[in-house]
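Q: Everything below, folded, please.
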Amino acid sequence: MNSTASPPRPIALLPRQSLLLNSMTALEFPRSLSICSRFISQLILITVCLCAAALVIEVSAQTVPSRPVARLVTSTSDEVSFPRPRRVSAGSARRSEVPSPAAFPSINHATETERKAFEATNEMRANNGVSPLSWDAELCRMARAHSEKMARLGFFAHETPEGSRLKDRARTARIRFQVIGENIAYNQDVDDPGTFAVQRWMISSGHRANILSREFRSSGIGSFVAENGRVYLTQIFIAP
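A: Coordinates of the predicted model:
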């Protein structure tokens, strides 16, 4: 008897079995491709989410918190805070050709608060070797309008609730200027609100810079008394 092992017998597939095997092989490749595509899609989604989160963190870190609304408080309070002064250059509006005395009050028609604030401003300039400002009736009218709007609408800012900024208000008032600046304040229950406002402005470096600026040649101050007795003041300067 021969002990040599015979080679394995080849397996023959019937036509139907061969077709089934080919079909399974053909189906296996798309399935693998589908799993791979799904994995890549998930990886892309995770990457996008991580990038977006990092961008949000970076933007939040760079965002400067908005400046709180400031006010000029009464002399009975120890707290003193200020609105940020405004200064704008290169205006393009034009002055009214024939101003009406009723529409543009002269210094003789200024209220006591406006006149005392104007006098206190020039006194501060004289004490610091700066020439006095001249009274501008058109600026007074513009300043009065802003003080009244702040009192009636209950806001305290250089920009109105409608989004009108200092330069926009100057354009509406037909004011021509090279540089324009503005200080605002309110106070209550003080004997001399005009002088008091100027004294407090001089404590703030920005407001003081407006008052003592050698650039400015003219100024107008407008006040308005609210129903609760609070006195709003707006002081506008221009370099024509």
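
Q: The helix or strand where residue 125 lies packs against which elements?
A: Using DSSP states H and E, the element containing residue 125 is helix 112-127. If you count contacts as 3 or more CB pairs under 8 Å, 6 or more residues apart in numbering; DSSP states H and E, helix 112-127 packs onto helix 193-201, helix 205-212, strand 218-225, strand 231-239. Bear in mind the C-beta positions are built from the backbone N, C-alpha and C, glycine included.

Q: Show me the one of those that comes nearest residue 144.
A: strand 218-225 (3.1 Å; CB to CB).

Q: I'd like to know which elements the closest one is packed against.
A: Strand 218-225 packs on helix 112-127, strand 134-135, helix 137-153, helix 193-201, strand 231-239, going by 3+ CB pairs under 8 Å, 6+ apart.

Q: can you tell which of these is closest to residue 179?
A: strand 231-239 (4.1 Å).

Q: Give me the buried positions along the closest one.
A: Buried residues in strand 231-239, defined by neighbour count with 16 or more other CB atoms under 10 Å: 231-239.

Q: Going by distance to residue 130, which of those residues wins?
A: Using CB to CB, the buried residues of strand 231-239 come closest to residue 130 at residue 237, 11.9 Å.

Q: Helix or strand with the lowest mean pLDDT in the chain?
A: helix 15-62 (a mean of 52; mean pLDDT, DSSP states H and E).

Q: rewinding a little: now do the helix holding residue 125 against helix 205-212: the angle between them, please.
A: 90 degrees (axes from the mean of the first three to the mean of the last three CA atoms, to 10 degrees).

Q: Identify the residues contacting helix 112-127?
A: The contact list for helix 112-127, computed with CB atoms under 8 Å, 6 or more residues apart in numbering, reads 107, 110, 131-133, 135, 140, 192-195, 197-199, 202, 211-212, 219, 221-223, 231, 233, 235.

Q: List the buried residues for that helix?
A: By neighbour count on 16+ other CB under 10 Å, the buried set for helix 112-127 is 113-122, 124-125.

Q: In CSV, list the C-alpha atoms belonging to stretch 114-126.
A: The C-alpha coordinates for stretch 114-126 follow below in CSV (Å, rounded to 0.1, in the frame of the first residue of the first chain):
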residue,chain,number,x,y,z
GLU,A,114,-26.4,128.0,29.6
ARG,A,115,-24.8,131.4,30.2
LYS,A,116,-23.1,130.3,33.5
ALA,A,117,-21.7,127.2,31.9
PHE,A,118,-20.3,129.3,29.0
GLU,A,119,-18.8,131.8,31.4
ALA,A,120,-17.3,129.0,33.5
THR,A,121,-15.8,127.4,30.4
ASN,A,122,-14.1,130.6,29.3
GLU,A,123,-12.9,131.1,32.8
MET,A,124,-11.2,127.7,32.8
ARG,A,125,-9.6,128.6,29.4
ALA,A,126,-8.3,131.9,30.8
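
Q: what's near enough to touch residue 239?
A: Contacts of residue 239 (CB under 8 Å, 6+ apart): 177-180, 215-217.

Q: Pairing partners for it in the sheet, please.
A: residue 179 (DSSP bridges).

Q: change the start of the numbering to 2 and stick with it
A: Sure thing, new numbering starts at 2, so read that last one as residue 240.

Q: ok, now how distant is it from residue 200?
A: Going from residue 240 to residue 200 by CB to CB, to the nearest Å gives 24 Å.

Q: for residue 181, same thing?
A: On the measure of CB to CB, residue 181 and residue 200 end up 23 Å apart.

Q: repeat for residue 185
A: Residue 185 is 15 Å from residue 200, by CB to CB.

Q: more neighbours, these two?
A: residue 185 (27 against 14; other CB atoms under 10 Å).

Q: Any stretches of the chain with poor pLDDT?
A: Along the chain, segments meeting pLDDT under 70 span 2-43, 46, 48-107.
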